[in-house]
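Asks: Next comes the sequence, and after it the predicted model I'd like to discuss.
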Amino acid sequence: MKKIAFLFAVVLLFMACEEESKEVKPGNEVDLITLINFLEPYVKISASESGSNLLYPLDSLCVYLSEPLEVEKEYDNKQVFKCQLEQLEVTALYNSQKIEGITYRFNAHKDTLVLDLTEKMEADRSYELCLVFNYYEKIGDKWEKVQLEDSQESTSVITKRFKSAKFDENVYDCSKASLAIINEIELYKEVFPEISLNYSIDKVLIVSKDRHAYSYVRAVMKEIAITQDGTSVNTDNVWVSPLQMRVLPVDNFQENTAYQLNMKVAFEEKVNNEWVPLKNAAGEIILEEKSLSFTTGTFPNELISDAFIAASYPLERQFNFYPGEYAQGYIEFLVDPARLSQIEAMDNLQFRFTLLPDNIETAVVNGRYSQTDKTIWFDFPTNLQHEKPYRIELISNSKVVYSNEFRVSKYQRLFDKLPADREIRFLYDVELEGSIKDASFLGTTIYLDEPDECFDYYEIKGFREQPLMKITALLDQWDWYNQSPYKYIYDHYPIIPGAKLSRDLSKEGLLALNYFEIWQVDFNRKLTDDEITSGVFEYEADKSHIINEIPLIWAKDYLETREALLDRYSKAEDIKDEMLRKIYEMEYFPTPSSGDYSIKVEYVLPGKDIVTSSQIIKITDDIEMNDDDYWD
């Protein structure tokens, strides 16, 4: 092996200027410094010490290399060399201690290292990354390290300093006596307590005791107890949402009676992969307690309070009930209805339908109870008249124990009033922070000849924030999406390790496929008292706009992705991938173009997530957008 006399060490601090492009011209004599300069990668990291781009405790540190490692490079058209990472260390500068157990991985191109510093790094601290590279020469079929005459290996040492960010509002301060999980406890409809939480009981929190070190913490429900004059009352705790719990009595509360609710929540900290009681900086076990003294009101003697009802179909005062959507209706309870004093016999349940306003009984059908989902089911009668109000009543042993009014739609099914094909009728521009260009909503309009039945509150806003009319984008039929950089961004997400999106993907999904709204006059339409007593309906809306807001979400994603590329690469010429290079160069996100924007509309039963029908609506955009200056 040819020995090359060289020992080269370079220390690059964070604030150093970027080096010029490294190039060795053919025909030069072997110059050792030039050779190492030719092989050594330029290094950038995704965090800084200046405060403009700090690393958060749960973020990964990305190390960007100007060229892939271990790629053969020919020097002076004669010798073949390569550069290889031999050692990686991170040192905490505040105590000069090396961080143990760091794991890292290369991306597919081997030009980016991703360091996992989870549970290794403290907040608001300075660190130093040290990378050690060795160089190899190809001798025959073997690779041998470039060495000095005294057998010492040639080495490059590159260091980068970075700083971790301060804790933000997502990190809980453990120095306080409480982590504030309990928001409030109040009496729900004068029947039973309802507990509201600030975050879900099963959420794993990031907690700090000194604003530097952090750990993982979870909440544990220790006690929910109700007493009456010191005597315990048996209860069932029912979650009506991830943040709301109702404390229901196994046996009914007494009306106009004083009770006391006591709630205790403890916390556990993950230490060496085991959950142990969480203590504050003073060594005290953290326990959160809250109480509510309440007095029940006067209970209905006959009717079941809707406080015990989880969902129903038809819904309360539902204006657009479609008799052809589903053959069965139901009342789903939070507790076993057999425990309710109003229901005397579970084997003798009936539902009565009365035509309003003339109070004409039109049908009586049997109810059947399903204990698995605490639901009383029934079959709808076949003689329901369109555009008429009805009252439905649950009868137990000849007594009415539940009552609700609803209106039967003029249509048999939802899709009888939805056309199969539509056109984009307008673009609605929305100002986007951080961009000199507006994002565009796509709007399609359903017109009526005159004010008539449009969509009601439950179809638009939904039951518990879940619209009965669910709209989903069919991206495989979107011409614009399939030809745009968005498809590349999402198909390869994240396109580089540092290009992760800041929005909550668990809530919206990566592609935000359901980001639609319906704009309509009288969007909160429900059956009114006057309509029940008169049987006459007045309509305000003569059109409904289906608004596609997905382009706004994608535009924000584009700007975030491009920002990550700008941080990763010094110039466009460093990017080999054509689409990445184009995103890097283009400040403007793509504007929706003409083409098809098909959607799928589903009718979903409240509280059951049963899809009763679905239809694909082809929406065509014929509006030509002049986007030639930005994207072809």
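Replies: Everything's here; your move.

Asks: hang on, Tyr216 in a helix?
Replies: No. Counting by DSSP: H, G, I helix; E, B strand; the rest coil, Tyr216 is not found in a helix; it is strand.

Asks: so what's the residue nearest to it when sequence neighbours are not counted up against?
Replies: On the basis of C-beta to C-beta, 6 or more residues apart in numbering, the spatially nearest residue to Tyr216 that is not a chain neighbour turns out to be Lys270, at 4.3 Å. C-beta here means a position set from N, CA and C on the backbone, and glycine is covered the same way. Under the criterion of C-beta atoms under 8 Å, 6 or more residues apart in numbering, the neighbours of Lys270 are Ser215, Tyr216, Val217, Arg218.

Asks: Return the item of the residues you listed having minimum pLDDT.
Replies: Comparing pLDDT over the contacts of Lys270, Ser215 scores lowest. The value there is 84.

Asks: Can you name the residues that contact that one?
Replies: Counting by C-beta under 8 Å, 6+ apart, Ser215 makes contact with Glu119, Ile206, Val207, Ser208, Lys209, Glu269, Lys270, Val271.

Asks: I'd like the distance between it and Phe516.
Replies: Noted for Ser215: a distance of 41 Å to Phe516, by C-beta to C-beta, to the nearest Å.

Asks: returning to what we had before: for the residue nearest to Tyr216, list each beta-bridge partner.
Replies: Taking DSSP bridges as the rule, Lys270 bridges to Trp275.

Asks: Use 15 as the first number from now on
Replies: Let's use 15 as the start, then, which means that last one is Lys284.

Asks: pLDDT score for it?
Replies: pLDDT at Lys284 comes out at 89.

Asks: Lys217 now?
Replies: Looking at Lys217, its pLDDT is 84.

Asks: swap in Ser498?
Replies: 87.

Asks: ok, back up a step: highest neighbour count among the contacts of Lys284?
Replies: Val231 (21 neighbours; other C-beta atoms under 10 Å).

Asks: quick one, helices of the stretch 415-564 of the chain?
Replies: 471-474, 493-496, 499-505, 519-522, 543-548, 564-582 (DSSP state H, counting those that start in this stretch).

Asks: residue boundaries of the strands in the stretch 515-646 of the chain?
Replies: Using DSSP state E, counting those that start in this stretch, the strands of the stretch 515-646 of the chain run over residues 530-533, 557-562, 609-610, 613-618, 625-635.

Asks: To Pro465, which of the ones you listed lies closest?
Replies: strand 557-562 (9.3 Å; C-beta to C-beta).

Asks: Listing partners with orientation, what would you give for that closest one?
Replies: Applying DSSP bridges, one finds strand 557-562 paired with strand 453-461 (antiparallel), strand 530-533 (antiparallel).

Asks: Verify the stated contact: Cys97 with Val146.
Replies: No. Look at Cys97 against Val146 with C-beta atoms under 8 Å: they stay out of range, at 11.1 Å.

Asks: more neighbours, these two?
Replies: Each of Cys97 and Val146 has its neighbours counted (other C-beta under 10 Å); Cys97 has more, 22 against 16.

Asks: which residue sits closest to the more buried one in space, ignoring its chain neighbours?
Replies: Spatially, and ignoring its direct neighbours in sequence, Cys97 is nearest to Leu53 (4.7 Å; C-beta to C-beta, 6+ apart).

Asks: pLDDT value on that neighbour, please?
Replies: For Leu53, pLDDT reads 81.

Asks: so how many other residues sit close to it?
Replies: 22.

Asks: Can you get me a residue count around Val85?
Replies: Other residues within reach of Val85, judged by other C-beta under 10 Å, total 12.

Asks: wait, is it part of a helix?
Replies: No. With three-state DSSP as the criterion, Val85 is located in coil rather than a helix.

Asks: Check the contact between it and Gln98; I expect there is one.
Replies: No. Counting by C-beta under 8 Å, Val85 stays clear of Gln98, with 10.3 Å between them.

Asks: who wins for proximity to Thr241 among the strands paired with strand 557-562?
Replies: Here strand 530-533 is closest among those (C-beta to C-beta), at 47.0 Å.

Asks: Fine, thanks again, bye for now.
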